[in-house]
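*Asks:* quick one: sequence plus predicted model below, questions after.
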Amino acid sequence: MVDLHRNRRDEDAFHFDEEEEHHPRNHEEEEEEERFESISIGYEDDVADEGVVHGVEATNVVELSPPSVSCFYRLRQELKCSYAFFSLDELNGTVLDINNTFAPDPIVWTVLARIVLLGLAIGAMVYSIVKYPDENRWIWMGFLTHWTVVVTIAYFLVMLLFCNCNLFRSTYLEQPARGQPVSVLVRLAWFFYSLALPMNVLVVLLYWTLDYTPGQAVTFNTISLHAGTCFLVLIDGNIVSKIPIRFKHIVLVESAGLLLVVWTLINDLVGIGDGRWDGEDANQNNKDDALYSVLDWSDSPGKAAIISVVVLLVVVPLVFFLCWSLSLWSRWLKFDGSRRCICQEARKQNAEEEKVEEGLSEDVITSIGAGKWIKIVTIH
């Protein structure tokens, strides 16, 4: 709703007509009224070519800056139970435009960009599998890095499907009515992005700080899986398109992290191991066979438990907060989400539902809309 904040002086302006009945105006007051400029609020689309708005000639039209919503206010609101998991609400009276958010125009260039990004991700995965020793290929999917590249490829496949639906104007991409849930395809695309980006950032951070040994050879395979795929997702979600992340989506990444901890525990206790590698002994159930040396549940369960808790309760939330903040990034290093694509039709519908009163002075107009709110200065 449009929020009009009034101070005492401005409240008197609202009741000008009522006071006029009890206090007749003199000639000077009448002349002052003729020079009185009133302000009205509307949308750019509502302004006719002739410059007439609501039957009054518009002498000046000024575009207002979208109202800013602070990071921490947005964080608190997104964590509330009343805020939907895949909500389009931008918390400032506007909603996201589905098509322009996930498959922006020109759609042909978006499709081409995503084909290239998908090809690079698939190339990184195939190269990793080919270079993996034949006798250890069965355990390739046992590592978080490889989970992440598979999730990344799944994300790009869903986004290409999204683009295809956009090309053929599928009903799956219709903008829902305000307050209504989004389609399954939108949820799927949002799900994979909110999972793929934090997982990639997490892999980069954990590999280079915990798993990488100084002096170890840095190969193309190492770079492509522990930096390259992260870069691909960042390009798609922040340059090709502008996909937001809701803070409630942190449960997706926490679930993946918890699943990894449980998997390493089962792997270690059951004795599955990490395959046969040079320098390891014949015993497949000792320290050198743990999937991750820092998560050795058999020999150092206390250390493994502490590291797991720290990663789940500290590292993952920090990484997710970074990704969430990146989705809010806008010009001039602002983090207010002003780069996001807002649905024009929803804004126009709001304007029709919210009848803005005229006759307000400029200093009392505060619009809680976003996008192309405009200020129309008219002369009576």
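*Replies:* Now that the structure is in, tell me what you want to look at.
*Asks:* the stretch 51-200 of the chain: strands as residue ranges?
*Replies:* 52-53, 56-63 (DSSP state E, counting those that start in this stretch).
*Asks:* element containing Gly275, please.
*Replies:* Using DSSP states H and E, Gly275 sits within no helix or strand.
*Asks:* burial count for it?
*Replies:* As a burial measure, Gly275 scores 18 neighbours (other Cβ atoms under 10 Å). The way it works is simple: take the backbone N, C-alpha and C, and place the C-beta from them, glycine included.
*Asks:* just give the nearest non-adjacent residue to it, would you?
*Replies:* Closest residue in space to Gly275, ignoring its immediate chain neighbours: Asn136 at 3.3 Å, by Cβ to Cβ, 6 or more residues apart in numbering.
*Asks:* give the burial count for the one you found, as a bare number.
*Replies:* Counted with other Cβ under 10 Å, residues neighbouring Asn136 total 14.
*Asks:* got it, and Phe220?
*Replies:* Neighbour count of Phe220, defined by other Cβ under 10 Å: 12.
*Asks:* what's the pLDDT at the residue lying closest to it once chain neighbours are set aside?
*Replies:* Leaving aside its sequence neighbours, Phe220 sits nearest to Tyr127 (Cβ to Cβ, 6+ apart; 7.3 Å). Tyr127 carries a pLDDT value of 96.
*Asks:* distance of Tyr127 relative to Leu118?
*Replies:* 15 Å (Cβ to Cβ, to the nearest Å).
*Asks:* I figured Val149 hits Met125, correct?
*Replies:* Yes: with contact defined as Cβ atoms under 8 Å, Val149 counts as touching Met125 (4.8 Å).
*Asks:* in this protein, which helix or strand is least confident?
*Replies:* The helix or strand of the chain with the poorest confidence is strand 37-43; it has a mean of 39 (mean pLDDT, DSSP states H and E).
*Asks:* contacting residues for the spatially closest residue to Ser224 that is not a sequence neighbour?
*Replies:* Among residues not flanking Ser224 along the chain, Ala124 sits closest, at 4.0 Å (Cβ to Cβ, 6+ apart). Each residue near Ala124 by Cβ atoms under 8 Å, 6 or more residues apart in numbering is listed here: Val149, Ser224, Leu225, Gly228, Thr229.
*Asks:* can you count the residues close to the nearest residue to the third one once chain neighbours are set aside?
*Replies:* Spelled out, it's Leu225. Closest residue to Leu225 apart from its sequence neighbours, by Cβ to Cβ, 6+ apart: Thr145 at 5.2 Å. Thr145 has 20 neighbours, counted by other Cβ under 10 Å.
*Asks:* any idea how far Thr145 lies from Leu260?
*Replies:* The value you get for Thr145 to Leu260, if Cβ to Cβ is used, is 11 Å.
*Asks:* any idea how many residues pack against Leu117?
*Replies:* Using other Cβ under 10 Å, Leu117 has 23 other residues around it.
*Asks:* which residues in the stretch 251-380 of the chain form helices?
*Replies:* Using DSSP state H, counting those that start in this stretch, the helices of the stretch 251-380 of the chain run over residues 301-310, 316-328, 344-353.
*Asks:* who does the second one touch, helix- and strand-wise?
*Replies:* Right, helix 316-328. With contacts taken as 3 or more Cβ pairs under 8 Å, 6 or more residues apart in numbering; DSSP states H and E, helix 316-328 sits against helix 71-78, helix 184-206, helix 250-270.
*Asks:* show residues contacting that helix.
*Replies:* 71, 74-75, 197-198, 201-202, 205, 234, 237-238, 242-245, 247, 249-250, 253-254, 257, 335-337.
*Asks:* now stretch 259-279
*Replies:* By Cβ under 8 Å, 6+ apart, the list of residues contacting stretch 259-279 from outside reads 133, 135-136, 138-139, 142, 144, 147, 284-285, 288-292, 295-298, 304, 308, 311-312.
*Asks:* okay, buried residues for that stretch please.
*Replies:* Leu260, Val261, Trp263, Thr264, Leu265, Asn267, Asp268, Ile272, Gly273, Asp274, Gly275 (16 or more other Cβ atoms under 10 Å).
*Asks:* make CSV out of those and add pLDDT.
*Replies:* CSV is the format used below for those (pLDDT from 0 to 100):
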residue, pLDDT
Leu260, 95
Val261, 96
Trp263, 96
Thr264, 94
Leu265, 94
Asn267, 91
Asp268, 89
Ile272, 86
Gly273, 82
Asp274, 83
Gly275, 80
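*Asks:* the residues you listed: which two are farthest apart?
*Replies:* Maximum pairwise distance in the buried residues of stretch 259-279, criterion Cβ to Cβ, is 20.4 Å, between Val261 and Gly275.
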